[in-house]
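1. Would you be able to build a 3D model of this:
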Amino acid sequence: PMHRLLQGDVGAGKTLVAVSAMLTAVQGGHQAALMAPTEVLAEQHATGVRRLLSDVTVPDPGNLFGDRPLRVELLTNRVTGADRRDVLAGLADGSVDIAIGTHALIQEGVDFSSLGVVVVIDAPDLPARLLFNEAGVFASSALNASAASVAPFSGSFKLMTPICENRIKRTRAVKNGPPQ
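-> Coordinates of the predicted model:
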């Protein structure tokens, strides 16, 4: 897995870069998750991404026409009942391509079929240990995933730093000292 921090001013295109990375994962047959710090921000991103990707299709060998519309779903604590069950089933069977939500994405019972990329939108107060285990694997998935933090300021670097530091320490131990 790789970890990236994308930093820029408001309107610089950070979200567009994140959407591009998520589409790359989907094109490779995986799913993508975008986690926002608030329900309002998650809802805004879900609306914007759905609008942006409304005409995008993905290959579907089980479909007579060979493809299907890209499926973008919102998962927050406001999504309940049958809607929540539908989203969770879609994540588990792979029919949801992009999940956008809050910390609800990392709660127990949320399983991704094949998570390829995780985008975390600025949450400097959210401990990285809630998102990733010691190996740097997204907490709600048994699969390794690339992670990116999309942030308007460097506070988000705090989120990714423990993961990166852990990897650097392991790399240095293997190489028997820091690189020259």
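2. S114 touches G94, doesn't it?
-> Yes - under the criterion of Cβ atoms under 8 Å, S114 makes contact with G94 at 6.1 Å. Every C-beta, even on glycine, is put in place using the N, C-alpha and C of the backbone.
3. Now do the shared contacts for these two.
-> Common neighbours of S114 and G94 (criterion: Cβ atoms under 8 Å, 6 or more residues apart in numbering): Q31.
4. Might you report the residue contacts of E39?
-> Taking Cβ under 8 Å, 6+ apart, we find E39 in contact with T76, N77, R78, T102.
5. biggest separation within those, which pair?
-> R78 and T102 (9.1 Å; Cβ to Cβ).
6. ok, the two, which is more surrounded?
-> T102 (24 against 14; other Cβ atoms under 10 Å).
7. what residues are up against the more buried one?
-> Listed by Cβ under 8 Å, 6+ apart, the contact partners of T102 are M35, A36, P37, T38, E39, A42, L75, T76, N77.
8. excluding its backbone neighbours, what's nearest the fourth one?
-> When you say that, I think you mean T38. T102 (6.8 Å; Cβ to Cβ, 6 or more residues apart in numbering).
9. mind checking how far the one you found is from V49?
-> Separation of T102 from V49 (Cβ to Cβ, to the nearest Å) stands at 15 Å.
10. still on that earlier bit, now, which of the contacts of T102 lie within helices?
-> The helices, defined by DSSP state H, take in E39, A42 from the contacts of T102.
11. Just the buried subset of the contacts of T102, please.
-> Neighbour-count burial (16 or more other Cβ atoms under 10 Å) applied to the contacts of T102 gives M35, A36, P37, E39, A42, L75, T76.
12. from those residues, which is closest to R68?
-> L75 (19.9 Å).
13. tell me the contacts of the closest one?
-> R84, V87, L88, L91, A99, I100, G101, T102, A104, L105, V110.
14. Where does the third one fall, secondary structure wise?
-> When you say that, I think you mean L88. helix 81-93 (DSSP states H and E).
15. Report the buried residues of that helix.
-> R84, V87, L88, G90, L91.
16. My read is that the second one contacts R78, right?
-> In this case it means V87. No - using Cβ under 8 Å, V87 is not in contact with R78, being 11.7 Å away.
17. intersection of neighbour lists for those two?
-> Counting by Cβ under 8 Å, 6+ apart, no residue touches both V87 and R78.
18. for the closest residue in space to H30 that isn't next to it in sequence, phi and psi?
-> Using Cβ to Cβ, 6+ apart and skipping residues adjacent in sequence, the residue nearest H30 is G116, 2.7 Å away. Note on G116: backbone dihedrals following degrees, to the nearest 10 are phi -110, psi -30.
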